[in-house]
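Student: structure, please.
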Amino acid sequence: MYKFVCLVSSALLLVSCALARPQDQRAAAPTTTTTPASIIKQENVNNADGTFNSSYETSNGIRVENIGTLKKITIPRSEDANGQVIEEHEAVILVQTGSYSYNDPDGNVISVQYVADENGFQPQGDHLPVAPQ
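Tutor: Below you'll find the model as predicted:
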């Protein structure tokens, strides 16, 4: 019995070593033909009340703007997972609006405008599909 346990343990060790070997790194490495971008313009304003405004632009044409504001919302009466009633109450949430744009591989400018609030992330852009009405 001892020999059988040693044989099975040795086989498992051999299989685990084979599975743990490094993969072929040449096949997994991405090839990059672009040059690194640098930030050519950047602004950050963080206000004491939690609101902010930030933007940046890079040397390869990427532009990003993000504005954060606070919004008071009413959360309706509900029950938690344990059946405890949570009464209607107000909460302050962070709402972010902004945009970003970049050049696709064909040189077209791709632009996205968005709002992120109590309804989730809501992007809009000419290249994005639109839900049927």
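Student: rest of the way, CA atoms for contacts and neighbours
Tutor: Will do.
Student: tally of neighbours for residue 95?
Tutor: The number of residues packed near residue 95 is 19, by other C-alpha atoms under 10 Å.
Student: who are the neighbours in contact with it?
Tutor: The neighbours of residue 95, taking C-alpha atoms under 8 Å, 6 or more residues apart in numbering as the test, are 68-71, 115-118.
Student: before we move on, which element is the spatially closest residue to residue 44 that is not a sequence neighbour in?
Tutor: Here the nearest residue to residue 44 in space, its sequence neighbours aside, is residue 54; by C-alpha to C-alpha, 6 or more residues apart in numbering that works out to 4.4 Å. Taking DSSP states H and E as the definition, one finds residue 54 inside strand 52-58.
Student: following that strand, which helix or strand comes up?
Tutor: Per DSSP H and E, the first helix or strand lying C-terminal to strand 52-58 is strand 63-75.
Student: name the helices or strands packed onto whatever helix or strand comes next after that following strand?
Tutor: Moving toward the C-terminus from strand 63-75, the next helix or strand (DSSP H and E) is strand 78-79. When contacts are defined as 3 or more C-alpha pairs under 8 Å, 6 or more residues apart in numbering; DSSP states H and E, strand 78-79 packs onto strand 85-86.
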